[in-house]
Structures are given as C-alpha cells and as structure tokens.
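> give the three-dimensional model of this entry:
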Amino acid sequence: MSRFFVMSLLFGLTFSQTASLCAPSEYVIHVEKRECAYCLAINTTICAGFCMTRDSNGKKLLLKSALSQNVCTYKEMLYQTALIPGCPHHTIPYYSYPVAVSCKCGKCNTDYSDCVHEKVKTNYCTKPQKLCNM
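Prediction:
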C-alpha cells in the first residue's frame, strides 16, 4: 500500500466526526388539539445534518456492527412545556417537546428519536395560529 493512501485513511478515520455537519437547527413545531381553539407554532431546535456513513456494498465481508449507519441525533437535550391557548377547562392544555442542546453522529435511538426514513408532511396548522417563542 502506498504511504499516501495509509495516511489519508488514518486522517479520514481520525477526523470523520469533525467533518460531519450535524448540529442543532432551528425548527417550528405546529401543535393543536381537537378541543382547543388555536394551533401553537413553537420555535425550537432539533438535530439535523449530515453524518459520515459507510458504504455497505461489501456487507458480506463486514461484521454486522460495521453495517450500522450513523444519523444526526441528540447528544444533550432538555424538555420544555408550552401552554396551548384556547383550551376548555376539562382539557389538559400543555405540550412538552424536546429541545436540542447539542448533537452527535450516532445510532438512532427510538426511545427519543423518530428514525423513519420518509419525511412526514403533517407539520402544519388547521386552526388559527399562535406563536410561542421558547
């Protein structure tokens, strides 16, 4: 093997995490309850971006642990709670949501992340909107 190839490989393995573009990004969540008069638009942060992945074309030659792909996920998060306006007294008017403090490239944990490949287009309001800046 050439010396240049080995040095390039070592450099890539060492700095692949720093080359990824995974970071907290601004995001708007639209929340509404059937019983409440308004839809709440919440400004928050989520983890989004690019993580280095491996080509799995040689999956017969690799260990199973080498086949898992990294995703941009939460390293540190906190939960905040917002009050949905216009709710009747018998309804719980609170909505809790995660706020990304820091992000990392890692395995997708379904305990607190949506690991679906397809983007769901349901983030909109059908009722009058109120903005919540947290």
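> just to be sure, H89 is in a strand?
No. Applying DSSP: H, G, I helix; E, B strand; the rest coil, one finds H89 to be coil, outside a strand.
> that one and E35, how far apart?
According to CB to CB, to the nearest Å, H89 stands 10 Å off from E35. Every C-beta, even on glycine, is put in place using the N, C-alpha and C of the backbone.
> more neighbours: which of those two?
E35 (13 against 5; other CB atoms under 10 Å).
> got a list of what that one touches?
With contact taken as CB atoms under 8 Å, 6 or more residues apart in numbering, E35 is in contact with C87, P88, H90, T91.
> sort out which of those are buried, if you could.
Using 16 or more other CB atoms under 10 Å as the burial test, the contacts of E35 include C87 as buried.
> can you give me the helices for this structure?
3-19, 64-67 (DSSP state H).
> lowest-confidence stretch among the ones you listed?
Ranked by mean pLDDT, those bottom out at helix 3-19, with a mean of 51.
> so C87 makes contact with E32?
No. Counting by CB atoms under 8 Å, C87 stays clear of E32, with 10.2 Å between them.
> now do the strands in the protein.
All strands of the chain, identified by DSSP state E, fall at 21-32, 39-50, 71-83, 94-106, 129-133.
> export those strands as JSON lines, with columns for mean neighbour count and mean pLDDT.
What follows is these, written out as JSON lines (neighbours: other CB atoms under 10 Å; pLDDT from 0 to 100):
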{"stretch": "strand 21-32", "mean neighbour count": "16", "mean pLDDT": "91"}
{"stretch": "strand 39-50", "mean neighbour count": "18", "mean pLDDT": "90"}
{"stretch": "strand 71-83", "mean neighbour count": "15", "mean pLDDT": "92"}
{"stretch": "strand 94-106", "mean neighbour count": "16", "mean pLDDT": "93"}
{"stretch": "strand 129-133", "mean neighbour count": "13", "mean pLDDT": "63"}
